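Colleague: sequence unknown, structure follows:
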């Protein structure tokens, strides 16, 4: 699966009238992950770097600028790559043939995009290819952040097991060796992300 879960918007209509006021609610609804690529904001840039994305572009459909159902929490890479691209002159026509975008809050999004074993985002359909290209989902940063996130979760799980074993007087040498190996993998991916942030 491309993402950990399908995000759900908790509000509707013109809930708040500015991007700044909507953003904190979007961050919660999207679990601090980019709607398109699932990159966790805390791994690179944090909340302040992430943006409010207008699914149907506000440049083409200004009346939807504060409509919550049209807003997404997005990393700056996906947001700037998509820009004002839209397949039609109608806000509710988000797909025309094999061109356009599936709303990431729709489970159908997963029908078009996926992940390879090494964390790279891949497309499964022609529509998925269109989104893959226009959102610039080929960037290596997406697989690096995916792997950092995955390793962080494994480290937490292993740390908890080590603490439990230690409290019970059990030998933890092998688990500590495995944890050190995970720390090295984490450092490798994190360094790659810092050295080449735009790839």
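Modeller: Yep, that arrived. Being a predicted model, the structure only gives us computed values, none of them experimental. Numbering: from 1, shown residues only.

Colleague: contacts and neighbour counts: CA atoms only from here.
Modeller: OK.

Colleague: show me where this structure has strands.
Modeller: Along the chain, counting by DSSP state E, strands occupy 51-54, 71-74, 95-96, 99-100, 113-115, 121-123.

Colleague: So in that sheet, which strands flank the last one, and in what orientation?
Modeller: When you say that, I think you mean strand 121-123. Sheet pairing for strand 121-123, assigned by DSSP bridges, gives strand 113-115 (antiparallel).

Colleague: ok, and for stretch 79-93, which residues are buried?
Modeller: For stretch 79-93, the neighbour count (16 or more other Cα atoms under 10 Å) marks 79, 82-87, 91 as buried.

Colleague: what's around residue 36, how many residues?
Modeller: Applying other Cα atoms under 10 Å, we find 25 residues neighbouring residue 36.

Colleague: any idea how far it lies from residue 3?
Modeller: 9 Å (Cα to Cα, to the nearest Å).

Colleague: Verify the contact between residue 139 and residue 199 for me.
Modeller: Yes - with contacts counted by Cα atoms under 8 Å, residue 139 reaches residue 199, the gap being 5.2 Å.

Colleague: neighbour count winner among those two?
Modeller: Remark: of residue 139 and residue 199, residue 139 carries more neighbours, 16 against 11, as counted by other Cα under 10 Å.

Colleague: Would you mind giving me the confidence score for the more buried one?
Modeller: If you check residue 139, the pLDDT there is 95.

Colleague: what separates it from residue 132, distance-wise?
Modeller: Computed with Cα to Cα, the distance linking residue 139 and residue 132 is 10 Å.

Colleague: go on, residue 81?
Modeller: On the measure of Cα to Cα, residue 81 and residue 132 end up 10 Å apart.

Colleague: Also residue 24?
Modeller: When distance is defined by Cα to Cα, residue 24 is 27 Å away from residue 132.

Colleague: Residue 59 now?
Modeller: Distance from residue 59 to residue 132, by Cα to Cα: 22 Å.

Colleague: who has more neighbours, these two?
Modeller: Ranked by neighbour count (other Cα under 10 Å), residue 59 and residue 132 place residue 132 first, with 23 against 13.
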